[in-house]
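S.K.: Sharing a model that was predicted from the sequence below.
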Protein chains: 2
Amino acid sequence: MARLKRSGQRTLEPAGASRLVALARDLQRRRGRERRALFLAEGVRAVEEVIRAKVAVKGALVSPQLDKSPRGRALLRSLEPRGGELVRLSERDLAAIAGTDTPQGILVIAEVPPMTLSEVRLQSEARVLLLDAIQDPGNAGTMLRTSAALGAAAALALPGTVDLWNPKVVRGAMGAHFQLSALHCELAEVLAWLDDQHVDLWVMEGGGEPIHEAVPPPRLALAVGNEGAGVSQRLRQKASRRVAIPIEPRVESLNAAVAAGIALYALRARAAN
Amino acid sequence: MARLKRSGQRTLEPAGASRLVALARDLQRRRGRERRALFLAEGVRAVEEVIRAKVAVKGALVSPQLDKSPRGRALLRSLEPRGGELVRLSERDLAAIAGTDTPQGILVIAEVPPMTLSEVRLQSEARVLLLDAIQDPGNAGTMLRTSAALGAAAALALPGTVDLWNPKVVRGAMGAHFQLSALHCELAEVLAWLDDQHVDLWVMEGGGEPIHEAVPPPRLALAVGNEGAGVSQRLRQKASRRVAIPIEPRVESLNAAVAAGIALYALRARAAN
């Protein structure tokens, strides 16, 4: 199944190629990613972000489609000095391994940047987004992307949230994983950290106070809840404020990623404006 | 393939059932929808919104999955007085006809509400969203949903935009199609209408003026462009202002639906706050 090609990278014997393919398959599963501290970046843009962020690359699976565009060929060249292993596959074999619909000829195996909550450094004014059981990978990826764009220091995923290193989340986030601290945390750990770092906690909630009337503190963590159920009861109880984006009464809700975006914009640290 | 069941609705002879199935298949194509002025609502929530909006229903395709939840059974009962035709299909046959991944046991054929741009009525303060070549159905659906939630009067799709009656757009919009005016228009038609209705035109653009510094006029149309290319040249030239959501320099852009959401929030008509 895997064909080899010489390149500046380490070329693989057939056994090595099969091993890399098996590894990529294993990394489609959350358990595989967690055990190995590796993730998959799929598609040209996602891989470009991995290269740009200087994340350690373990290997790449590439199909002929990549060679067809100048951008794809440039990406392949930029991968070479990174030293990972390279396996050439047919379009079809690559698509069968990929977790996203259109891998665009490339799938890279890379190391999850080692980072713990205690290492996250906050400025005197800071914003943190808490993803509370956000299940849709597209929404989670967009939330990370928006957090990075609007200057949040961290996006912390609470239990019940889709794996932030899921290939669909990585792709939707467009490199945000490497521009802010994106971490999975237990609730108790987050609450202790917020306390220790003097970060106020607000939650988004349908019946909350209109967000444009709320004046944010210097350091603020904002929790956005599950698309259906909202934020968890324990988080609500710990919050000092419940805020909402006022919407037309005939409309039930905003999309969770849009709500997070509007809230991060409305509560943005002044220094970032 | 289609099995029939008695209900309060008109029961179908096998020939009638096949005809409804063929019609549903035809409505997966944009041309089919445009020619017939019909669309498909797929999934429980989307169909609930069709019922709630009293949109004319021509028929329903239903699989056993729908009978398994109280919400599904309630939906089926609420469809009965609407008088359309009902066809029972296997799970698998329904999935093969559906355009979304999980039709949740129901697919309804309904009439596109007849509406033209000249019939759109605006308040003295009004917001209109222009979708300029938005290609992703998820983004388009979310933009409609956000427009309705934040009180926009209309969401107008310019050429190059995905069909607003695509089943994925209908599903993502969560009923917004029936809460505001959602229309496809030619650019010249929109420009003439904006002029006639005294609606100012602004476009979103990376290098534009920070949106929080811009004071919106009473009637404002905001154009959001294609995910890659931004708004079209002709639209830019006609705009009285170019505005942007300031983002961190290391981040390339916001997701188009999130950008539209933040902008609609930031430029909201005062009456809506």
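M.R.: Done, it's in. Numbering: from 1, shown residues only, chains lettered A, B, ... in the order given.
S.K.: quick one, phi/psi of the residue in the stretch 51-200 of chain A positioned nearest to chain B?
M.R.: Closest residue of the stretch 51-200 of chain A to chain B, C-beta to the nearest C-beta: residue A:149 (4.1 Å). Any C-beta I mention is one placed from the backbone N, CA and C, and that applies to glycine too. Per-residue torsions, residue A:149: phi -60, psi -40 (degrees, to the nearest 10).
S.K.: ok, now which ones touch it?
M.R.: A:176, B:247, B:248, B:251, B:253, B:254 (C-beta atoms under 8 Å, 6 or more residues apart in numbering or on different chains).
S.K.: In terms of distance to residue A:73, which of those ranks first?
M.R.: Nearest to residue A:73 out of these is residue B:253 (C-beta to C-beta; 24.1 Å).
S.K.: Looks like that closest one contacts residue B:245 (just checking).
M.R.: No. Counting by C-beta atoms under 8 Å, residue B:253 stays clear of residue B:245, with 9.6 Å between them.
S.K.: if you count what's nearby, which of those two comes out ahead?
M.R.: Taking other C-beta atoms under 10 Å in any protein chain shown, residue B:253 and residue B:245 do not tie; residue B:245 has more neighbours (22 against 16).
S.K.: confidence score at that one?
M.R.: Looking at residue B:245, its pLDDT is 96.
S.K.: now do residue A:4
M.R.: Looking at residue A:4, its pLDDT is 42.
S.K.: And residue A:7, by the same measure?
M.R.: At residue A:7, the pLDDT value in this model is 45.
S.K.: Could you do residue A:73 as well?
M.R.: pLDDT, residue A:73: 95.
S.K.: Now it: which helix or strand?
M.R.: Here residue A:73, judged by DSSP states H and E, is contained in helix A:70-79.
S.K.: by contact count, what packs against that helix?
M.R.: Packing partners of helix A:70-79 (3 or more C-beta pairs under 8 Å, 6 or more residues apart in numbering or on different chains; DSSP states H and E): helix A:44-52, strand A:57-62, strand A:106-111.
S.K.: how about the helices in the stretch 101-250 of chain A?
M.R.: For the stretch 101-250 of chain A, helices defined by DSSP state H, counting those that start in this stretch occupy the ranges A:137-149, A:167-173, A:187-196, A:233-238.
S.K.: Pull the residues that contact the third one.
M.R.: Put plainly, it is helix A:187-196. The contact list for helix A:187-196, computed with C-beta under 8 Å, 6+ apart, reads A:117-118, A:120, A:128, A:130, A:156, A:158-159, A:185, A:199-201, A:221, A:232, A:234-235, A:238.
S.K.: ChimeraX command to pick out the buried ones of the residues you listed?
M.R.: Command for ChimeraX that selects the buried part of the contacts of helix A:187-196, burial taken from 16 or more other C-beta atoms under 10 Å in any protein chain shown:
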select /A:117,120,128,130,156,158,185,199,201,221,232,235,238
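S.K.: just checking, which of the contacts of helix A:187-196 belong to strands?
M.R.: A:128, A:130, A:156, A:158, A:200, A:201, A:221 (DSSP state E).
S.K.: re earlier: okay, the next helix or strand after the helix holding residue A:73 in PDB with CA atoms only?
M.R.: Next helix or strand after helix A:70-79 toward the C-terminus (DSSP H and E): strand A:85-88. Output of strand A:85-88 as PDB, limited to C-alpha atoms (Å, rounded to 0.1, in the frame of the first residue of the first chain):
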ATOM      1  CA  GLU A  85       9.700  10.400   8.000                       C
ATOM      2  CA  LEU A  86       7.800  10.600   4.700                       C
ATOM      3  CA  VAL A  87       5.400   8.000   3.200                       C
ATOM      4  CA  ARG A  88       3.900   8.300  -0.300                       C
END
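S.K.: In terms of secondary structure, what does strand A:85-88 contact?
M.R.: helix A:14-26, strand A:57-62.
S.K.: Just want the angle from the longest one to strand A:106-111.
M.R.: In this case it means helix A:14-26. Counting by axes from the mean of the first three to the mean of the last three C-alpha atoms, to 10 degrees, helix A:14-26 lies at 80 degrees to strand A:106-111.
S.K.: what's the angle between helix A:14-26 and strand A:57-62?
M.R.: Per the same axes, to 10 degrees, the angle that helix A:14-26 makes with strand A:57-62 is 100 degrees.
S.K.: Show me the contact partners of the next helix or strand after helix A:14-26.
M.R.: Next in sequence after helix A:14-26, counting helices and strands by DSSP H and E, comes helix A:30-36. When contacts are defined by C-beta under 8 Å, 6+ apart, helix A:30-36 is touched by residues A:23, A:26, A:27, A:39, A:112, A:163, A:165, A:166.
S.K.: Just give me how far the host helix or strand of the fourth one sits from the chain centre.
M.R.: When elements are defined using DSSP H and E, residue A:39 is found to belong to strand A:38-42. Averaging C-alpha positions (C-alpha atoms, centre = their mean, to the nearest Å) puts strand A:38-42 11 Å from its chain's average.
S.K.: Stretch A:173-185 now?
M.R.: Using C-alpha atoms, centre = their mean, the distance from the centre of stretch A:173-185 to the centre of the chain it belongs to is 5 Å.
S.K.: So which residues make contact with it?
M.R.: For stretch A:173-185, contacts defined as C-beta under 8 Å, 6+ apart pick out A:45-46, A:48-50, A:52-53, A:55, A:113, A:115-117, A:119-120, A:140-142, A:144-145, A:147-149, A:152-158, A:161, A:163-165, A:170, A:193, B:248, B:250-253.
S.K.: go with 7 Å
M.R.: Counting by C-beta atoms under 7 Å, 6 or more residues apart in numbering or on different chains, stretch A:173-185 makes contact with A:45, A:49, A:52-53, A:55, A:113, A:115, A:117, A:120, A:141, A:144-145, A:147-148, A:152-158, A:164, A:170, B:250-252, all of which sit outside it.
S.K.: ChimeraX command for the buried members of those residues?
M.R.: A single ChimeraX command selects the buried members of these (16+ other C-beta under 10 Å):
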select /A:49,55,113,117,120,141,144,145,147,148,152,153,154,155,156,157,158,164,170 /B:251
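S.K.: Poorly predicted segments of the stretch 1-150 of chain A, please.
M.R.: The stretch 1-150 of chain A contains residues with pLDDT under 70 at A:1-13.
S.K.: which bits of it sit near chain B?
M.R.: Contact residues (C-beta under 7 Å from any C-beta of the partner chain) of the stretch 1-150 of chain A with chain B: A:138, A:142, A:145, A:146, A:148, A:149, A:150.
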